[in-house]
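K.L.:
Dropping a prediction and its sequence here:
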Amino acid sequence: MNKKLLISLGVTTSILLAQKITSIEYEGLSHLSKQMAQEISGVHIGDEIDSSSIDDSILKLYNQGYFEDVWVDKGSHGRLIYHFKEKPSIANVQIDGFGDDGLGILNSLGIKRGGLYDAESIKEAKDKLMSVLQAKGNYDSIVDAKVTPVGDKKQAVSVVFDVNKGQKIKIEDVNFNGAKSLDKSQIEDGLVNKEAGWMEYLPFLGKGEVKVDQLEYDAYRIKENYMNNGYLDAKVSKPLMKVDYSNYTASIDYNIDEGLQYKVGSLSITPAIKGLNISELQSNLRLKQGRVFSIKKMRQDITNIKNAVGDLGYAFAKVVPHINKLPSGIVNVQYEIQSGSKVTINDVFISGNSTTKDRVIRRYIYLAPGDTFSSTDLKDSKSALARTGFFDSVDIQTQRVDEHTINLIVKVAEAHTGNLSLGGGYGSYEGFMVNASISDKNLLGTGWDTSLGFEFSKVAKNFNLSFVNPRIWDSLYSLGINIYKKEYEYDEYTEDSLGATLNVGRQFYRHLYASVGIGYMDNESTYNEDSNDTLSVFYNDQYKKISGYASIKWDNTDDYYMPRSGYIAYLGLELASMDGDMKQENLDRGYNEFDSFVKVNAKFGAFYGLEELIDYDMILRFKARYTSIISQDDEYIPIAERLFMGGLGSVRGYQSYSLSPVLLGDKIGGTERMSLTAEASIPLSEAAKMRLAFFYDYGILSSDPVPTASGSDLRFDDIKRSSTGAMIEWQSPFGAVNLIFAYPLDDKAGDDTTSFEFSMGTKF
């Protein structure tokens, strides 16, 4: 309370006499209504005028935070007049020289456009900005706040924070005094404050700049590294940092007493719990008898034991390790299970889903009211929801109802699942082009995956409509329908096809899916140069195709777009039967009549997040793809069915479908294709949901021999290409967007290369 308000209270005491209030007036109010002010004050017409109650009403009104001052005048005949001097509002707030997160810090302190100006809050904001800068290692920083009245009545202000970040302190030396047994690299593993490495330009390796707020925790990280190497008695001092302000460099010293290195002796798990296989748990312990003790492995053992007990219904089980250190350097470990009571699910409550139906979410929750609790079921439920791609985040918490029952609280934040795009342009080959598409993998919150798109240009007329219901009537069965029309004029030939597919699938177990289907296609491909009889063999394809499809898929990843654990494995088969008129020249060359072929399509992906291992959110990915067309000897494979390589899904850095065996200068496609990809993804901007990934691609395309008129077979060398590059992965408001910058490593003369590509909504 300010000095003026205290004076007001004293004046109030002297001017009020014992009489009744006949009227109450409020002057200067804008943020509160008169009715609300009267309710807050607690003073009403007809009350006796009492100095203490009037003073109390002034305090109540002042404490609302809207006013710089509140005071009361007494008029004649019991008339009270409340006067208010309101705080000015903030018309504009600006921060210069801090960075993108500066406004976020100010907003969290209540300093934002439309808020009320308060000098104490401005001071608090300056202190907060200074502390953030110091925590980031900035010294000699200056934060100034300029407040300027706005408007004729000066009832609003403009607040501008001017920040001079000062200088970064660079770490020149980190000394571990007393360290003898561990290498420096082992000791500083995971430290935030360490010397800059020779690859300091990489964002995830650090730049050797001081992070003051992490210095204290670095001492604990060093202690942790010693304990992971068996030194349970290691002592690490608090860091002593010496700063040379003449060149803004620092040295950091730690004093270390390593102590004795311990090895694992006996290991036991107690007590025995019905249904818990103690011997199996002991055989799977990360700690092994005779090996160096590791606190990290012990924690992993505790987690694994707790999960095993949780699978028996003990939701709140605890595992307490008892460590017995012997002077000989042996440590015996006993894991004591404190199971508590078995619990069942009382109810499942869902929140955060404004679009997605509750019943759709419940499909993926493997625990229902009445079920016995299971840790694995809880984890798999969270992963299953994340794999749908319907949500930005998923959290499932347990809420105890009583000793034997719990509620599950499912909290989701819905993602943008629909995409609407409209585009156009002009190309030297395509001419004017226009394309549009609309898709939603969670149509109206039902879980249906739908898409509709078309493309028109001088050389293309394409149309596609697809619909997939992954859980028909909330069952384990799925249904998918796809109808397409494609007409595209390539340099060598024109492909004109109309087709449709129908698929029925079923989920088996938790991560295994299978489907069967049937498809029909009517293809009318023609070669654009009638004079070249050799190439017309491959391009004049008029046939109808009926296909049977079968596939099986394993997917236990933990997220749709950005998995950090799990595997994807897929095997698909197409058995195709073709019917068409074979040209005589094809028969003369030794081809058999249109008959059948089998197309094999396989994929594998492995995902591993390193955050728990290196305390940094790096994700490693390995992907493999394989496709093969299998037919009888000399059976003709139409050009529309053959395989090409390049672009997304194979080898980036080469134009899509541009890599192919070449006959007389034209591309005829291959019959076997394989590609491998390795990727490492790191955070770029958490606020913008952007990541940076580095990749390496390698691919091989092969072809069966081609019969010739002379009776001999024409053979082609395998096409082998590789590339490397970087990719920006963005979870945008319009869906997942990948911006790809690729560099071909071994391109050959005649290859169509590209340095930039982009994709939307892709997963594998």
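P.N.:
Thanks, I have the structure now. Only a predicted model underlies this, so the values are computations on that prediction, with no experimental measurement involved.

K.L.:
where are the low-confidence patches of the stretch 51-200 of the chain?
P.N.:
Low-confidence segments of the stretch 51-200 of the chain, defined by pLDDT under 70: 100-101, 109, 152-154, 197-200.

K.L.:
Strands along that one, start to end?
P.N.:
For the stretch 51-200 of the chain, applying DSSP state E, counting those that start in this stretch gives strands covering 67-74, 79-86, 89-96, 138-139, 142-150, 156-164, 167-168, 170-177.

K.L.:
ok, and for the third one, which residues are buried?
P.N.:
Buried residues in strand 89-96, counting neighbours by 16 or more other CB atoms under 10 Å, are found at 89-91, 93, 95. Heads up, the C-betas are built off the backbone N, CA and C, glycines and all.

K.L.:
Can you pick out the most distant pair from those?
P.N.:
For the buried residues of strand 89-96, the farthest-apart pair by CB to CB is Ser89 and Ile95; their separation is 18.3 Å.

K.L.:
Quick check: which element contains Phe604?
P.N.:
strand 596-609 (DSSP states H and E).

K.L.:
which element follows that strand toward the C-terminus?
P.N.:
helix 611-614.

K.L.:
okay, now Lys667: neighbour count?
P.N.:
20 (other CB atoms under 10 Å).

K.L.:
and the closest residue to it other than its chain neighbours, how many neighbours?
P.N.:
Distances taken as CB to CB, 6 or more residues apart in numbering place Ser660 nearest to Lys667, at 3.7 Å, with adjacent residues excluded. For Ser660, the neighbour count with other CB under 10 Å is 21.

K.L.:
Show the backbone phi and psi for Ser660.
P.N.:
Backbone geometry at Ser660, expressed as degrees, to the nearest 10, gives phi -170, psi 150.

K.L.:
what sits against it?
P.N.:
Ser660 makes contact with 644-645, 667-670, 701, 719, according to CB atoms under 8 Å, 6 or more residues apart in numbering.

K.L.:
repeat that for 10 Å
P.N.:
Counting by CB atoms under 10 Å, 6 or more residues apart in numbering, Ser660 touches 639, 642-646, 666-670, 701, 703, 716, 719.

K.L.:
Only the buried subset of these, as a PyMOL command please.
P.N.:
To isolate the buried subset of the contacts of Ser660 in PyMOL, counting by 16+ other CB under 10 Å, use the following:
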select buried, resi 639+642+643+644+645+646+666+667+668+669+670+701+703+716+719
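
K.L.:
This protein: helices as residue ranges?
P.N.:
3-15, 34-41, 51-62, 102-108, 119-135, 184-187, 212-227, 278-283, 295-310, 358-363, 375-387, 533-539, 584-588, 611-614 (DSSP state H).

K.L.:
what comes up buried for the fourth one?
P.N.:
If I follow you right, that is helix 102-108. Taking 16+ other CB under 10 Å as the criterion, helix 102-108 shows 102-103, 105-106 as buried.

K.L.:
These into a markdown table, with extra columns for distance to Leu575?
P.N.:
Shown next, in a markdown table, are those (distance: CB to CB, whole Å):
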| residue | distance to Leu575 |
| --- | --- |
| Gly102 | 62 |
| Leu103 | 60 |
| Ile105 | 62 |
| Leu106 | 64 |
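
K.L.:
For Gln282, state which of the residues you listed is nearest.
P.N.:
The nearest one, if we look at the buried residues of helix 102-108 relative to Gln282 and count by CB to CB, is Ile105, at 50.4 Å.

K.L.:
and stretch 283-302, how far from the chain's centre?
P.N.:
With CA atoms, centre = their mean, to the nearest Å as the basis, stretch 283-302 stands 31 Å off its chain's centre.

K.L.:
Please apply the same query to stretch 559-568.
P.N.:
10 Å.

K.L.:
middle-most residue in the chain, spatially?
P.N.:
Met562 (5.1 Å; CA atoms, centre = their mean).

K.L.:
Identify the residues contacting that one.
P.N.:
Met562 neighbours (CB under 10 Å, 6+ apart): 386, 607, 609, 619, 681, 689, 691, 729, 731, 736, 763.

K.L.:
Over to Ala550?
P.N.:
503, 514-517, 571-575.

K.L.:
now, the most widely separated pair of these?
P.N.:
So, the contacts of Ala550 by CB to CB: farthest apart are Ala514 and Leu575, at 15.8 Å.

K.L.:
picking up where we left off before, which of the strands of the stretch 51-200 of the chain sits closest to Gly370?
P.N.:
strand 89-96 (53.4 Å).

K.L.:
helices or strands up against the closest one?
P.N.:
Applying 3 or more CB pairs under 10 Å, 6 or more residues apart in numbering; DSSP states H and E, we find strand 89-96 packed against helix 102-108, helix 119-135, strand 142-150, strand 156-164.

K.L.:
same for the last one, what does it pack against?
P.N.:
Helices and strands in packing contact with strand 156-164 are listed as strand 89-96, helix 102-108, helix 119-135, strand 142-150; criterion 3+ CB pairs under 10 Å, 6+ apart.

K.L.:
again, but for the longest one
P.N.:
Judged by 3+ CB pairs under 10 Å, 6+ apart, helix 119-135 is in contact with strand 89-96, helix 102-108, strand 138-139, strand 142-150, strand 156-164, helix 212-227.

K.L.:
Please produce CSV containing the ones you listed, extended by distance to Tyr484.
P.N.:
CSV is the format used below for those (distance: least, CB to CB, whole Å):
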stretch, distance to Tyr484
strand 89-96, 52
helix 102-108, 46
strand 138-139, 58
strand 142-150, 60
strand 156-164, 56
helix 212-227, 55
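
K.L.:
Among those, which comes closest to Glu455?
P.N.:
Here helix 102-108 is closest among those (CB to CB), at 41.4 Å.

K.L.:
For the strands of the stretch 51-200 of the chain, could you give me TSV that also reports distance to Thr356?
P.N.:
Output for the strands of the stretch 51-200 of the chain, formatted as TSV (distance: least, CB to CB, whole Å):
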stretch	distance to Thr356
strand 67-74	45
strand 79-86	45
strand 89-96	36
strand 138-139	44
strand 142-150	44
strand 156-164	41
strand 167-168	46
strand 170-177	48
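
K.L.:
Can you say which of the ones you listed is nearest to Asn277?
P.N.:
From those, taking CB to CB, the stretch that ends up closest is strand 170-177, at 43.6 Å.

K.L.:
gap between that closest one and the chain center?
P.N.:
35 Å.

K.L.:
Can you give me the domain boundaries for this structure?
P.N.:
Domain assignment for the chain by automatic domain parsing gives 3-86, 89-167, 169-257, 263-338, 344-414, 420-469, 470-760.

K.L.:
Please enumerate the strands of the stretch 451-600 of the chain.
P.N.:
Under DSSP E, counting those that start in this stretch, the stretch 451-600 of the chain gives strands at 460-469, 477-489, 493-508, 512-527, 541-555, 565-580, 596-609.

K.L.:
Can you point out the buried residues in the third one?
P.N.:
It refers to strand 493-508. Counting neighbours by 16+ other CB under 10 Å, strand 493-508 gives 493, 495-499, 501, 503, 505, 507 as buried.

K.L.:
which one among the residues you listed gets closest to Ser451?
P.N.:
Thr501 (13.8 Å).

K.L.:
Count the neighbours of the residue nearest to that closest one when sequence neighbours are not counted for me.
P.N.:
Using CB to CB, 6+ apart and skipping the chain neighbours, the partner closest in space to Thr501 is Gly519 (3.9 Å). Using other CB under 10 Å, Gly519 is surrounded by 17 other residues.

K.L.:
Equivalent analysis for Asn407, please.
P.N.:
For Asn407, using other CB under 10 Å, the count is 16.

K.L.:
gap between the two ends of stretch 319-337?
P.N.:
From its first residue to its last, stretch 319-337 covers 5 Å (CA to CA, to the nearest Å).

K.L.:
now swap in stretch 76-96 and tell me
P.N.:
Stretch 76-96: ends 54 Å apart by CA to CA.

K.L.:
list the contacts for the residue nearest to Asn407 when sequence neighbours are not counted?
P.N.:
Spatial nearest neighbour of Asn407, chain neighbours left out: Gln399 (4.3 Å); criterion: CB to CB, 6+ apart. Contact partners of Gln399, counting by CB under 10 Å, 6+ apart, are 346-347, 349, 405-409.

K.L.:
With that, I have no additional questions.
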